[in-house]
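**Student:** next one to model:
(one chain, ligands or ions: 1)
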Amino acid sequence: MHQPVLLYETIFYLLNKPDGIYVDGTVGGGGHLHELLQKLNKKARILALDKDLHTLEETKRRFQHDPRVIFVHEDFRHLSRVLAEHNLTKVDGIMLDLGVSSFQLDLEERGFSFHDDARLDMRMNRQDQLSAWDVVNTYDESDLVRILIQYGEEKYARSIVSNIIKKRQGKTIDTTLELAELIKASVPASYRREKHPARKTFQALRMEVNDELGAIETVLPQAVELLNPGGRLCVITFHSLEDRLVKHFMQWEARTCICPPGLPVCTCNHQARLEILTRKPVQPTPEECQRNPRSRSAKLRAASRI
Ligand SMILES: C[S@@+](CC[C@H](N)C(=O)[O-])C[C@H]1O[C@@H](n2cnc3c(N)ncnc32)[C@H](O)[C@@H]1O
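**Tutor:** Here you go, the predicted structure:
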């Protein structure tokens, strides 16, 4: 089972209208959805999206008796279109709980985990073209190094990529364990003892395969447009690059003036569209981290539409 992260904190910030319309853009196993439904009355509606069809079907089965939820198999980057297709123009809350769920990690055949042996895949949406196999076996050296450094902050990126390039000259790298073994052999023994040495490379590949940063960049401006005044935007991130994107976006939308510094009077007529509700990101308590180690890197940021 996937344990929802920062559950009560997220619902606290998200909820502003008990009979409102909400979007859960990353419904996963429905942990946040379940809690939200407890707090909403019977007139409320929730649009629940996930780009992983298998996950969505499982969760839909679980909530099939609740007519307030509409399930949609779609990437949240298409949020405006999805809402329009459901004749909705504005909503009262949008939440995103980014990344993968424990459910996906535990499904061996999805190729997300370096603990199981499976074909290198990592696609959240199995209808997408690009898989981790393509990235590992077809990207050129400089792109692979860039991805491992940028998304994985992997300090042995060059050594790992150099071994990938050597290895694939003989034969393609097909499985998660093949890649994990190659990574182990590319890093010093001291690094191997810290955490699993494949952790950062696998995270970087997953972010590339699913264009995770691109999806956030695309959805945030749509989310602001789609919120009713007082409506809430809540985003849980697990990676510093994701958090930086959300933080800068919210700060920009909360500014009342964007004139260059030094102008005697404001000429920009810029209007703030968001009020930031979490001056610092909300992070899990030590108890939550102990109960659910996956929550350790989580950060929640919330804002309200002005
Ligand atoms: C961390 S899990 C969400 C868990 C959920 N909040 C719960 O409590 O059960 C993230 C989910 O978002 C989905 N996802 C990630 N990126 C997505 C995107 N761009 N569009 C739609 N779904 C996405 C993943 O497939 C995964 O099921």
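**Student:** just the CA coordinates for the helix or strand harbouring residue 38, please, in PDB.
**Tutor:** Using DSSP states H and E, residue 38 maps to helix 31-39. Only the C-alpha atoms of helix 31-39 are listed here, as PDB (Å, rounded to 0.1, in the frame of the first residue of the first chain):
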ATOM      1  CA  GLY A  31      -4.800   8.200  -0.100                       C
ATOM      2  CA  HIS A  32      -5.400  12.000  -0.300                       C
ATOM      3  CA  LEU A  33      -8.600  11.500  -2.300                       C
ATOM      4  CA  HIS A  34     -10.000   9.400   0.500                       C
ATOM      5  CA  GLU A  35      -9.300  12.000   3.200                       C
ATOM      6  CA  LEU A  36     -10.600  14.800   1.000                       C
ATOM      7  CA  LEU A  37     -13.900  12.900   0.400                       C
ATOM      8  CA  GLN A  38     -14.400  12.600   4.200                       C
ATOM      9  CA  LYS A  39     -14.300  16.400   4.500                       C
END
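**Student:** chain center to it: distance?
**Tutor:** Chain-centre distance of helix 31-39: 19 Å, with C-alpha atoms, centre = their mean, to the nearest Å.
**Student:** got a list of contacts for the following helix or strand past that helix?
**Tutor:** Note on helix 31-39: by DSSP H and E, the next helix or strand toward the C-terminus is strand 45-50. Outside strand 45-50, the residues that touch it by C-beta atoms under 8 Å, 6 or more residues apart in numbering are 21-28, 30, 33, 36-37, 40, 56, 59, 63, 68-76, 79, 82-83, 86, 88, 91. No exception for glycine: its C-beta is placed from N, CA and C like everyone else's.
**Student:** mark which of these are part of strands, please.
**Tutor:** Counted as lying in strands by DSSP state E, out of the contacts of strand 45-50, are 21, 22, 23, 24, 69, 70, 71, 72, 73, 91.
**Student:** mind checking which of these are buried?
**Tutor:** Neighbour-count burial (16 or more other C-beta atoms under 10 Å) is assigned, among the ones in strands among the contacts of strand 45-50, to 21, 22, 23, 24, 69, 71, 72, 73, 91.
**Student:** you'd agree the fourth one is up against residue 36?
**Tutor:** Yes - A contact is recorded between residue 24 and residue 36 when judged using C-beta atoms under 8 Å, the distance being 7.1 Å.
**Student:** would you mind listing the buried residues in the helix holding residue 38?
**Tutor:** Quick answer for helix 31-39 (16+ other C-beta under 10 Å): 31, 32, 33, 35, 36, 37.
**Student:** so what touches it?
**Tutor:** Residues contacting helix 31-39 (C-beta under 8 Å, 6+ apart): 2-4, 7-8, 10-11, 14-15, 18, 22, 24, 27, 46, 48, 59, 63, 66, 68-69, 95, 97.
**Student:** is the ligand within reach of that helix?
**Tutor:** Yes - residues of helix 31-39 contacting the ligand under C-beta under 6 Å from any ligand atom: 31, 32.
**Student:** kindly report the same for stretch 124-133.
**Tutor:** Yes - with C-beta under 6 Å from any ligand atom as the criterion, the ligand is reached by stretch 124-133 at residue 124.
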